[in-house]
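J.: Quick one: sequence and predicted model below, then my questions.
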Amino acid sequence: MSDPNDQIVLAHGGGGELTQRLIAERFLPRLGNPLLDPLGDSALLELPPGRLAFTTDSHVVQPIEFPGGDIGRLAVCGTVNDLAVMGAVPRALSLAVILEEGLPLSLLDRVIDSIAAAASEAGVNIVTGDTKVVEHQRGDGLIITTAGVGELRGGVRLDLGRVAPGDAVIVTGRIAEHGLAVMCAREGLGLQTQLRSDVAPVNGLIDRLYAAGVDLKFMRDPTRGGLAGVLADLCQATRMTVCVEERAIPMTGIARHTAELLGLDPLLVANEGKVVVVVPPEDADRALAACREHPLGKHAAVVGHVLEAQPPLVELVTRSGGRRLVQRPYGEELPRIC
Amino acid sequence: MIQPTRSPLAERICRLAERVGEARIMEVCGTHTVSLFRSGVKSLMPAGVRLISGPGCPVCVTSQGYIDAACEIAGRPDVTVCTYGDMVRVPGATGSLERRRAEGGRIVVVYSARDAVRHAREHPDRQVVFLAVGFETTAPASAAAVMEAHAQGLDNFTLLMGHKLVMPALNAILSAGDVPLDGFLLPGHVSVVIGMEPYRPIVERFGKPCVVAGFEAEQLLAAIAHLLEQIADGRPRLENAYGVAVRPEGNPAARACIAEVFEPADTVWRAMGTIPVSGLALRPPYRRFDALKRFGLAIGPDYDPPGCKCGEVIQGKAVPTDCGLFASRCTPATPIGPCMVSSEGTCAAWYKYGHTNA
Amino acid sequence: MCLAVPGKIIEVREGDGPVSRVGTVDFQGTRVEVGLSFTPQAGVGDWVLVHAGFALNVLDETEAAETWKYLQEAELVDEIPGELSP
C-alpha cells in the first residue's frame, strides 16, 4: 500500500500531522523566510506607497520535469515575468500546490528546490502558501498556482498609445525553446533533445533596460502563442502594421531544425524567458546594449519595426525576400507529418 | 522599411511570365502549399502565374465517412487511437477526435507509426488503433508498422486504412478536364518513394509540363522557373528539380514493403467519390490488422458539411475565397471543412499566411 | 503532403526481423529513433531524409548542407542556451 514516506497520500491533505510534517519538512526548509515562517493565515507585507502590480497564474505541464526546468520553475518565472513586463519590481509571491495522490515525494522535493532556486534568481520570496491533495488521477500529478505583487517603479510609461511608426521591435533572445523542449519530452513522441526550455525570470534583464534609461513603450513575454501572438496583439491594439524580418529573428539551428521535424512554426511556439520590447528607433541600440549585458539578453535583436501602412497587419519578410502575413495561433499546436 | 533582396530566380520567373502571359500551375502537395506561403514564394509570383492547390493534403482528401469511423472507434472505452497530430481536430458528424478526448477517449498523438506499435506493446490491455492516412511517402511507415506488429505477434494493434495514391487522383482530375492547368509542380517526398516514371502519362498522354520540386524557397522558385520554361517552349517534359532527394527509380525497398502488406484498392476521396485503385487495403495475410474488421465497422458515405467548398478546393475548382464560409463562419478556431483544419489545408494556409498575397 | 527532414545517423542497430533495422538519427541535437529498413545501405555518419520516423533515402552530405541552409546554422552543443537552468 501507499507509503506516506515516499509518496503523497490523501492524509497529506487532511490538515493533521502529515500535513504539518509535509510543510515543516519539505516546504519550509527550502522556501523559508521571515514572512513565510510564522505560517499565518496571511502574510503581512510592508510596501512603500504607490501603485502595485498584482497577478496570478495557474500551471499545469506534462511532463512535470522537462529539459531546462520543471513546473516549479515555470510557476515562479511565469508570475515574476508577468509583473516585470508591466514595469513592476516583484516583491512577494504566493504558492498554492495541488498534489495528486501517489506523487513521489522525491519529485515534489525536486520541484520545491527548483521553486526556491528560481525565486532566489528573481530576488523574490514565497510569503504565503497552501497545499491540497486530490485523489489519484484527479490532479495531473501536480498543479501549481502562484500569485505575485510587485511595486510599480517610478517613470514607467508603458502605453500602447505611445507606439509610433518607426519604433523598433526587439526580441531579447532566441525563440521557441521552451515549447519545443517540452514537446520533445512528451510521452509518445520518442524524441531526445539537447534543446532546453528557456524558462527564466526576466526581471533582472528588464532592470537593465530601465537602468539604461531606455524609453520602453511596450513589453510582453511571448509565452503561449509565441512571438506571433505578441506581434498580433501589438498590431491589433495599435492599429499599426508590424513588419518583421525572418532573418533577424534570433533562433538556434537546433530549434529551427526541431521545429521542422515536428512540423511546427517556431513563431507560434511558447517562450518562458524572453521579452518583446518596443522602443523608439533612437533608443534601439541602447536597448540592445543593455540587454546584451545580461546573460538572458546576449542574443537580443531588433526583429522589425512598426509601420504606418494600412490595413494593420503583421507582415514577415522571409529569407527568400518574399512576404507573408503572421496570424495569431488558434490553439494547441500539434506535431504533424504533413 | 525593410527592403528585401529579390532572388535571381524570382527575377527569372518574372521574365518568363512575360513570355508565357498566363500560367496556371497546380502544386499537388499540401506541404508545397504551406511552403509556398510560409517562405513568401507565393508573394513573389508575377500576376500571370497562378498557383492552384491540388489534392495533396491527406487530411483534406479523407472522406467524412472515415473521420466518423475514427471518432466512433475513439469513443470506445477499451480503445486508444494513435494518430498523427494532423487528424486530431478534423470535425466529423458528431465532433472531432479532440472532442472525443474531452469526453474521456484516449487519443495519443504520435510522430511515427512505430510509436503506435510501441504503444500497443506497452499497453496490452488496450486495443490500439492507428489512423493510417497519407500518400506514398507515409504508407511505407504504416506497412512497416504492420510487419513489426506481425513479427511481435501483437493482437491489440490495428490500422484504420485511409492511405491514398497520388497518380490515380491526378488522372481523375486530368481526365475530367474541367480545371484548366498548364503544368504540375509534383510532390517531392512522394517522388522519393515512387520515383519519376509513374508521372510519365501526365506528359505523354495529357501533354502537361511536370517538375518534381523540393520544399525550400530556392527549390520551389527553381522548379517554378523550370515549369515556366517548359510552358514557354511549348515542349512538355518530366523534370526532376529535387535531385538531392529524388532518384529516378524512387525507393524500391519502401515500395516492396508496401507491396508486402498492402494491395491497391478502390477508395473514396472527399467530394471526388470512389476513384478506382487509388488507395491501399491490407493483403489477406495481414487482414487481422484491419480495424474495421476488428470492430465490425464499415466506412459510411461521404458528404460535405453544408455550404462547404472543400471538395472543390482540393480539386483546384475553387479557391478558398470562393467559399461563403471562408474566414467568416469557417476559421481555424471554428473549422467547418477539413481544408481549414489541416495545417497544410489550402484554406488554413490562405487564412494563416494571408490570402491577401495569394 | 509529407514533411521530411534531413538528419545524420549516429547509431545503427540491426535486428533479426524484416523491419527491425533501426538507428538513432541526430537532427542537430534532437535525436529520434528511426526505422532504417528502407535504407539498408545507410550506415553511421550517413545523412538520411526522415519522414514519420522512417529514413526514406540517403543524401549526399554536401548537397544536403547546400539544400537545407539551416543545417549550416549549427551551434556547438555548449552554446545551446540553458546555462542559467539549475
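T.: Yep, it's here.
J.: Chain C contacts on chain A?
T.: Contact residues (C-beta under 8 Å from any C-beta of the partner chain) of chain A with chain C: A:67-69, A:73, A:113-114, A:117, A:121, A:173-174, A:177, A:184, A:190-200, A:252-254, A:256-258, A:260-261, A:263, A:273, A:295-296, A:319, A:336-338. In short, each C-beta sits where N, CA and C put it, glycine included.
J.: Which residue ranges of chain C form helices?
T.: In chain C, the helices defined using DSSP state H lie at C:61-67.
J.: Longest helix in chain B, please.
T.: The longest helix of chain B (DSSP H) is helix B:217-233.
J.: what packs against that helix?
T.: Counting contacts by 3 or more C-beta pairs under 8 Å, 6 or more residues apart in numbering or on different chains; DSSP states H and E, helix B:217-233 is packed against helix B:8-20, strand B:23-27, helix B:30-38, strand B:183-186, strand B:210-212.
J.: could you redo the last one with a cut-off of 7 Å?
T.: Applying 3 or more C-beta pairs under 7 Å, 6 or more residues apart in numbering or on different chains; DSSP states H and E, we find helix B:217-233 packed against helix B:8-20, strand B:23-27, strand B:183-186, strand B:210-212.
J.: Please work out which residues outside the first one touch it.
T.: Contacts made with helix B:8-20 from outside it, assessed by C-beta atoms under 7 Å, 6 or more residues apart in numbering or on different chains, are listed as A:321, B:23, B:44, B:46, B:48-49, B:218, B:221-222, B:224-225, B:228-229, B:231-232.
J.: try 6 Å
T.: B:44, B:46, B:48-49, B:221-222, B:224-225, B:228, B:231-232 (C-beta atoms under 6 Å, 6 or more residues apart in numbering or on different chains).
J.: Name the stretch among the helices and strands packed on helix B:217-233 that sits most buried.
T.: strand B:183-186 (a mean of 28; mean count of other C-beta atoms under 10 Å in any protein chain shown).
J.: So that one, near chain C or not?
T.: No: applying C-beta under 6 Å from any C-beta of the partner chain, one finds strand B:183-186 separated from chain C by no less than 10.4 Å.
J.: can you tell me if stretch A:192-201 touches chain B.
T.: No: Stretch A:192-201 is not in contact with chain B by C-beta under 6 Å from any C-beta; minimum separation 12.2 Å.
J.: what's the average pLDDT for that stretch?
T.: Mean per-residue pLDDT for stretch A:192-201: 95.
J.: Equivalent analysis for stretch B:15-34, please.
T.: Mean predicted confidence for stretch B:15-34 is 93.
J.: Just give me how far that stretch sits from the chain centre.
T.: Using C-alpha atoms, centre = their mean, to the nearest Å, the mean C-alpha position of stretch B:15-34 is found 18 Å from that of the whole chain.
J.: Can you show me the CA trace of it as PDB?
T.: The C-alpha trace of stretch B:15-34 is given here as PDB (Å, rounded to 0.1, in the frame of the first residue of the first chain):
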ATOM      1  CA  ARG B  15      10.900  37.500 -67.200                       C
ATOM      2  CA  LEU B  16       9.400  34.000 -68.100                       C
ATOM      3  CA  ALA B  17       6.000  35.100 -67.000                       C
ATOM      4  CA  GLU B  18       6.200  38.000 -69.600                       C
ATOM      5  CA  ARG B  19       6.800  35.400 -72.300                       C
ATOM      6  CA  VAL B  20       4.000  33.000 -71.300                       C
ATOM      7  CA  GLY B  21       1.400  35.500 -70.300                       C
ATOM      8  CA  GLU B  22      -0.800  33.400 -68.200                       C
ATOM      9  CA  ALA B  23       0.200  30.200 -66.500                       C
ATOM     10  CA  ARG B  24      -1.900  28.000 -64.200                       C
ATOM     11  CA  ILE B  25       0.300  25.700 -62.200                       C
ATOM     12  CA  MET B  26      -1.100  23.000 -59.800                       C
ATOM     13  CA  GLU B  27       1.000  22.300 -56.700                       C
ATOM     14  CA  VAL B  28      -0.200  18.800 -56.000                       C
ATOM     15  CA  CYS B  29       1.300  18.500 -52.500                       C
ATOM     16  CA  GLY B  30      -0.100  20.200 -49.400                       C
ATOM     17  CA  THR B  31       3.300  20.700 -47.900                       C
ATOM     18  CA  HIS B  32       4.100  22.600 -51.000                       C
ATOM     19  CA  THR B  33       1.100  24.800 -50.400                       C
ATOM     20  CA  VAL B  34       2.300  25.600 -46.900                       C
END
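J.: How about the backbone phi and psi for the closest residue to A:V277 other than its chain neighbours?
T.: Spatial nearest neighbour of A:V277, chain neighbours left out: A:I170 (4.5 Å); criterion: C-beta to C-beta, 6 or more residues apart in numbering or on different chains. Per-residue torsions, A:I170: phi -110, psi 140 (degrees, to the nearest 10).
J.: What is the burial count for A:I170?
T.: By other C-beta atoms under 10 Å in any protein chain shown, the residues close to A:I170 number 25.
J.: ditto for A:R247
T.: 13.
J.: pLDDT wise, what is it at?
T.: At A:R247, the model reports a pLDDT of 94.
J.: Confirm that it sits in a helix.
T.: Yes: secondary structure of A:R247 (DSSP: H, G, I helix; E, B strand; the rest coil): part of a helix.
J.: Please list all residues in contact with the closest residue to C:A55 other than its chain neighbours.
T.: Excluding its sequence neighbours, the residue lying closest to C:A55 (C-beta to C-beta, 6+ apart) is C:V48, at 3.8 Å. Contact analysis of C:V48 by C-beta under 6 Å, 6+ apart lists C:39, C:42, C:55, C:58.
J.: on that earlier part again, ChimeraX command to pick out the buried ones of the residues of chain A next to chain C?
T.: Applying 16 or more other C-beta atoms under 10 Å in any protein chain shown to the residues of chain A next to chain C, the buried members can be selected in ChimeraX as follows:
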select /A:67,68,69,73,113,114,117,121,173,174,177,184,190,191,192,193,194,195,196,197,198,199,200,252,253,254,256,257,258,260,261,263,273,296,319,336,337,338
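J.: Can you flag which of the residues of chain A next to chain C belong to helices?
T.: Those of these lying in helices (DSSP H): A:73, A:113-114, A:117, A:121, A:177, A:184, A:253-254, A:256-258, A:260-261.
J.: how about the residues of chain C that lie near chain B?
T.: Residues of chain C that fall close to chain B, judged by C-beta under 6 Å from any C-beta: C:1-4, C:17-19, C:35, C:37-38, C:49, C:51-54, C:56-57, C:63, C:67.
J.: Could you report the neighbour count for A:L52?
T.: Per other C-beta under 10 Å, the neighbour tally for A:L52 reads 15.
J.: What ranges does the stretch 151-300 of chain B have for its strands?
T.: B:157-163, B:183-186, B:210-212, B:238-240, B:262-269, B:273-282 (DSSP state E, counting those that start in this stretch).
J.: would you list these in a markdown table and tack on distance to B:V110 and mean pLDDT?
T.: Listed next are the strands of the stretch 151-300 of chain B as a markdown table, based on distance: least, C-beta to C-beta, whole Å; pLDDT from 0 to 100:
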| stretch | distance to B:V110 | mean pLDDT |
| --- | --- | --- |
| strand B:157-163 | 12 | 98 |
| strand B:183-186 | 28 | 97 |
| strand B:210-212 | 28 | 98 |
| strand B:238-240 | 32 | 98 |
| strand B:262-269 | 20 | 96 |
| strand B:273-282 | 19 | 96 |
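J.: Alright, I will stop here.
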